[in-house]
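Asker: Attaching a predicted model along with its sequence, questions to come.
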Amino acid sequence: MNTKKTALSTTAYGTGSAAGGWLRRGLARRMRRCRSVADAGMSTAEYAVGTIAACGFAAVLYKIVTSGPVRTALTGVIEKALHVPF
């Protein structure tokens, strides 16, 4: 019976050598990382809802900033800042 281990069995499958243990640990670490990242992103429906919410928020901010009193206040602040003596 041939008991000599081949390079393929020690490096590819990780049986009986330090290199094999390193490979198994590396693969296990990569699998854990893939499993933990799988639920980290948003699905297409979540992107759609998030985009609609962002557009609605932008529209509300635009209406507020372009309203008369806010526009007057912002213009006053900018003019005051530009006319400051050095």
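Answerer: Cool, got the structure.
Asker: Okay, now the unreliable bits of this structure?
Answerer: Scanning the chain for pLDDT under 70 picks out 1-20, 34-42.
Asker: can you do 90?
Answerer: Within the chain, the stretches with pLDDT under 90 are 1-46, 83-86.
Asker: Tell me which stretches of it form helices.
Answerer: Under the criterion DSSP state H, the chain contains helices at 7-11, 18-37, 44-65, 68-82.
Asker: can I get these in TSV with mean neighbour count?
Answerer: Just so you know, the C-beta spots here come from the backbone N, C-alpha and C atoms, and that holds for glycine as well. Output for the helices of the chain, formatted as TSV (neighbours: other CB atoms under 10 Å):
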stretch	mean neighbour count
helix 7-11	12
helix 18-37	11
helix 44-65	10
helix 68-82	10
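Asker: how close does residue 74 get to residue 65?
Answerer: 7 Å (CB to CB, to the nearest Å).
Asker: which residues does residue 51 contact?
Answerer: By CB atoms under 8 Å, 6 or more residues apart in numbering, no residues touch residue 51.
Asker: ah, wrong one, I meant residue 57
Answerer: Contacts of residue 57 by CB under 8 Å, 6+ apart: none found.
Asker: Dihedrals phi and psi, residue 66?
Answerer: Phi and psi for residue 66, reported as degrees, to the nearest 10, are phi -90, psi 0.
Asker: before we move on, what about residue 67?
Answerer: Residue torsions, per degrees, to the nearest 10, at residue 67 are phi -70, psi 160.
Asker: how near is it to residue 86?
Answerer: For residue 67, the distance to residue 86 - CB to CB - is 33 Å.
Asker: same question, residue 80
Answerer: 14 Å.
Asker: returning to that earlier point: the more surrounded of residue 67 and residue 86?
Answerer: It is residue 67, of residue 67 and residue 86, that has more neighbours when counted by other CB atoms under 10 Å, with 11 against 2.
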